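[1] requesting a structural model of the entry that follows:
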Amino acid sequence: MRLRPLELGVADLRAGVIGLGVMGRNHARILSSLDGVTLVGIVDPIEIEGEHHGQLVRSTEELLAQGVDYCFVAVPTLLHKEVGLLLASSGVHALVEKPLAVNAASAMALTEAFESAGLVGAVGHIERYNPALQEARKRIEAGELGHMYQVVTRRQGPFPARIADVGVVKDLATHDIDLTAWITQQPYVSVAARTAHRTGREHEDLVTVVGELASGLVTGHTVNWLSPFKERRTVISGERGALVADTLTADLTFYANGSVESEWEDMALFRGVSEGDVVRFAIPKPEPLRSEHEAFRDAVLGLNSNIVTMREGLATVAVAEAILESATKGQAVTIARV
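    Residues are numbered from 1 along each chain as shown. The predicted structure is shown next:
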């Protein structure tokens, strides 16, 4: 592993992408134009038409032979462990597409390999870099919401043909697991879930989850691949109102509890909490994928950074497995700390 100066612009980091599917192509696009980084090559065993944003090579070993400081791993989830362990043994930092691995045992193996080698290992939980959620967390930390009561997410859309090796829990619900734990700064302690198989595939394509976090805060997640429309919404309710984040548009809206009493008694009783002001915040909206790569680049350089560590990714996989176990057993499952 080559050591690099800690200042951007002195010497570019050499990066590679492993896997040129839909996500790999997007990550290659970012890396090809990222300050302080040179995209050395992209691994894919099949010649793919279209813009690659870099030189194609046939194997990870061929890419490593060219000399790289770090790689983005965008292969199918089943191959994350194999590719990640090869990178760790070669002294190469890695940013791995979510979920970290197909199961908690594989995620633990990756986490321990990168930690023991002193390498930067991270997971591509892109929602953490969404401007709406970053602004929400900032305002929650500033006390604007008061005591948090509940986090509810909805993540729905059509079936993505690119996914074949995992179901909707590990592919999509892991977004909601990670963002909820990150927004609240609390781990999950239990989950109760139901899944369904509606498209004839091996893996589930619908899940509804009720979770409990360490403080007793309640969460709810509705996730599916069965909707003709796309929805990505997070609602964080607290004693002073609710923050609603739409991560498709990166909009954040605050619905304040009202301070004016209603003289319409029936309406006051019906609503419970009176309605107050509604504010949609004007916030900067950088591309989340670029922000994710900037954070990982900075972490490799030894600078302050806000990456999603592999140990955090491991915790998310453990919760996803507990969700599937709960759905299978038809009962709530307690989650052990990992």
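[2] can you report phi and psi for Pro228?
    With angles defined as degrees, to the nearest 10, Pro228 sits at phi -80, psi 0.
[3] residues contacting the closest residue to Val57 other than its chain neighbours?
    Using C-beta to C-beta, 6 or more residues apart in numbering and skipping residues adjacent in sequence, the residue nearest Val57 is Gly41, 4.6 Å away. In short, each C-beta sits where N, CA and C put it, glycine included. Applying C-beta atoms under 8 Å, 6 or more residues apart in numbering, we find Gly41 in contact with 16-17, 54-57, 62-63, 66, 68.
[4] and which of those is nearest to Ala101?
    Taking C-beta to C-beta as the measure, Ala101 lies nearest Val17 of those, at 18.6 Å.
[5] quick one: the closest one and Ala295, what's the gap?
    To Ala295, Val17 is 17 Å away according to C-beta to C-beta, to the nearest Å.
[6] kindly report the same for Asp44.
    Per C-beta to C-beta, Asp44 is found 25 Å from Ala295.
[7] so which two of the contacts of Gly41 are the farthest from each other?
    Longest distance between any two of the contacts of Gly41 is 14.7 Å, between Leu56 and Val68; criterion C-beta to C-beta.
[8] can you give me phi and psi for the residue nearest to Val57?
    Backbone torsions of Gly41, given as degrees, to the nearest 10, read phi -170, psi 170.
[9] of Leu56 and Val68, give the one with the bigger neighbour count.
    Val68 (24 against 16; other C-beta atoms under 10 Å).
[10] hang on, that one is in a helix, isn't it?
    No. Looking at Val68 with DSSP: H, G, I helix; E, B strand; the rest coil, it is coil, so not inside a helix.
[11] that one against Val92, yeah?
    Yes. Taking C-beta atoms under 8 Å as the definition, Val68 is a contact partner of Val92 at 5.9 Å.
[12] quick one: the helices in the protein, in order.
    For the chain, helices defined by DSSP state H occupy the ranges 22-31, 60-65, 80-89, 104-116, 131-141, 168, 174-184, 265-271, 288-300, 310-329.
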